[in-house]
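Novice: No letters, just coordinates:
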């Protein structure tokens, strides 16, 4: 009967297969980071568009009517800074994941024992992702404040009324 306390060393192929399996989880992390970058990029584009509209409004409004637009412009600039920092954090996190995966393969092929280094890379990547998500949350909260400012302002003549603003005495549009 063979002694079960003696373990047979894994073959190099089996070790490589295990390494590839372990590197799949960080690849999913990269996919999540890419998706988050896409969302952040879209939000940044919307912020830039809104900032341009506000800047144009400021050029045409009389000085005594610019306060509300200036306040919203400042909020948009703060949102842009938050989103830009979140993009930098998630990009840094993704780059660290790439270094993590590459280091694992280099360590395997050169038979290096760098587990603490790889663990530190993974931890650093998670910290970057957490920072990005916190900044994203702060930007969302700031965007909500911007919405509050929009609702406080005077109604615009060129906007359509909301469904609850339409009264029964209003003429109904033809279907």
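Specialist: Received it, and whenever you're ready, just let me know what you need. Since we're looking at a predicted model, the values are computed, not measured.

Novice: Now residue 61, what are its backbone angles?
Specialist: Phi and psi for residue 61, reported as degrees, to the nearest 10, are phi -80, psi 150.

Novice: Please give me every residue in contact with it.
Specialist: residue 69 (Cβ atoms under 8 Å, 6 or more residues apart in numbering). C-betas here are computed from N, CA, C, even on glycine.

Novice: Try it again at 10 Å.
Specialist: 67, 68, 69, 70 (Cβ atoms under 10 Å, 6 or more residues apart in numbering).

Novice: which element is residue 137 on?
Specialist: Using DSSP states H and E, residue 137 sits within helix 115-152.

Novice: in that helix, what counts as buried?
Specialist: By neighbour count on 16 or more other Cβ atoms under 10 Å, the buried set for helix 115-152 is 118, 121-122, 124-125, 128-129, 131-132, 135-136, 138-139, 142-143, 146.

Novice: In the protein, which helix is the longest?
Specialist: Counting by DSSP state H, the longest helix found in the chain is helix 12-60.

Novice: Between helix 115-152 and it, find me the angle.
Specialist: With axes from the mean of the first three to the mean of the last three Cα atoms, to 10 degrees as the basis, helix 12-60 and helix 115-152 are set at 30 degrees to each other.

Novice: State the next helix or strand along the chain beyond helix 12-60.
Specialist: Next element after helix 12-60 (DSSP H and E): helix 67-109.

Novice: what packs against that following helix?
Specialist: Applying 3 or more Cβ pairs under 10 Å, 6 or more residues apart in numbering; DSSP states H and E, we find helix 67-109 packed against helix 12-60, helix 115-152.

Novice: Extract the residue ranges of this structure that are flagged as low pLDDT.
Specialist: Applying pLDDT under 70 to the chain picks out residues 1-10, 148-175.

Novice: ok, now with 50
Specialist: By pLDDT under 50, the low-scoring segments of the chain are 155, 157-159, 162, 165-166, 168-170, 175.

Novice: that older thread, any chance of the contacts of residue 61 in a markdown table, plus neighbour count and distance to residue 108?
Specialist: Listed next are the contacts of residue 61 as a markdown table, based on neighbours: other Cβ atoms under 10 Å; distance: Cβ to Cβ, whole Å:
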| residue | neighbour count | distance to residue 108 |
| --- | --- | --- |
| 67 | 10 | 62 |
| 68 | 16 | 60 |
| 69 | 19 | 58 |
| 70 | 13 | 58 |
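
Novice: and which of those residues is nearest to residue 60?
Specialist: Nearest to residue 60, judged by Cβ to Cβ, of the contacts of residue 61 is residue 69 at 9.9 Å.
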